[in-house]
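Student: Generate coordinates for the sequence data below:
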Amino acid sequence: MKKSLTNSFDKVFLTIEFDAANQWIYNNWTGVLPTEKVIQGCQATIDFLRENRCAHMLNDNREVIGSWSSANDWIA
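Tutor: Below is the predicted model:
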């Protein structure tokens, strides 16, 4: 199962996928991430974790441009 979230320009900023071989949810974040997109992506990830009953997750931020520190308070 795989889910992609897009921004207002129809560009994917997050792909969430269940990796059966590793038994984890793999999140691939890309591009510039304003706070509202980080929150939207985190909420989608929580839903995906619940739906797939998976206890492990890998966040890949290698393709993120800039910082998402403005969302740190919400994430905490």
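Student: Which positions within the helix ranked longest in the chain qualify as buried?
Tutor: Counting by DSSP state H, the longest helix found in the chain is helix 35-52. Under the neighbour-count criterion of 16 or more other C-beta atoms under 10 Å, helix 35-52 has 37, 38, 40, 41, 42, 44, 45, 48, 49 buried. Every C-beta, even on glycine, is put in place using the N, C-alpha and C of the backbone.
Student: Excluding its own residues, what touches the helix or strand of the chain with the lowest mean pLDDT? List them.
Tutor: In the chain, no helix or strand scores lower on mean pLDDT, DSSP states H and E than helix 72-75, which sits at a mean of 83. Where contact means C-beta atoms under 8 Å, 6 or more residues apart in numbering, the residues beyond helix 72-75 that reach it are 35, 38, 39, 42.
Student: which residues sit in contact with the second one?
Tutor: By C-beta under 8 Å, 6+ apart, the residues touching residue 38 are 68, 71, 74, 75.
Student: Can you give me the distance of it to residue 73?
Tutor: The spacing between residue 38 and residue 73, counted by C-beta to C-beta, to the nearest Å, is 11 Å.
Student: likewise residue 47?
Tutor: Residue 47 is 21 Å from residue 73, where distance means C-beta to C-beta.
Student: what do you get for residue 25?
Tutor: 24 Å.
Student: Which one's more surrounded, those two?
Tutor: Between residue 25 and residue 73, counted using other C-beta atoms under 10 Å, the more crowded position is residue 25 (21 against 8).
Student: Isn't the more buried one up against residue 53?
Tutor: No. Contact criterion C-beta atoms under 8 Å: residue 25 and residue 53 do not qualify, at 10.4 Å.
Student: Give the rounded mean pLDDT of the longest helix of the chain.
Tutor: Mean per-residue pLDDT for helix 35-52: 94.
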